[in-house]
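Asks: How does the following fold in three dimensions:
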Amino acid sequence: MPKLKSSSTAKKRFKSTGTGKIRRRKAYLRHILVNKTRKQKRRLGKPAIIDSANEKAIRRLLPYL
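Replies: Numbering: from 1, shown residues only. Model (predicted):
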């Protein structure tokens, strides 16, 4: 069977944890930060685990993750 290609965009956006879950960055931390509280900005900076509904699609984009 031929080698599968990983999606270049997905490679940059998702990383795997030690237990095999997939991490992502949170949105809303790019601009208009004056209106957001410190607490909100602090929490947005931490990575999140992707939802189970999207996991199958992400794993298809990254076959060797």
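Asks: Based on its surroundings, how many neighbours for Lys36?
Replies: 14 (other C-beta atoms under 10 Å). No exception for glycine: its C-beta is placed from N, CA and C like everyone else's.
Asks: typed the wrong thing, it's Arg24
Replies: Using other C-beta under 10 Å, the number of residues around Arg24 comes to 15.
Asks: Was I right to think it contacts Leu44?
Replies: No. The pair Arg24 and Leu44 does not pass the contact test of C-beta atoms under 8 Å, sitting 12.0 Å apart.
Asks: which residue sits closest to Lys15, ignoring its sequence neighbours?
Replies: Arg23 (5.0 Å; C-beta to C-beta, 6 or more residues apart in numbering).
Asks: Repeat that for Phe14.
Replies: Excluding the flanking residues, the one nearest Phe14 by C-beta to C-beta, 6+ apart is Ile22, at 5.2 Å.
Asks: For the one you found, give me its contacts.
Replies: The neighbours of Ile22, taking C-beta atoms under 8 Å, 6 or more residues apart in numbering as the test, are Phe14, Lys15, Ser16, Ile49, Ile50, Glu55, Ile58, Arg59, Leu65.
Asks: now, which of those lie within helices?
Replies: Counted as lying in helices by DSSP state H, out of the contacts of Ile22, are Glu55, Ile58, Arg59.
Asks: No further queries at this time; thank you.
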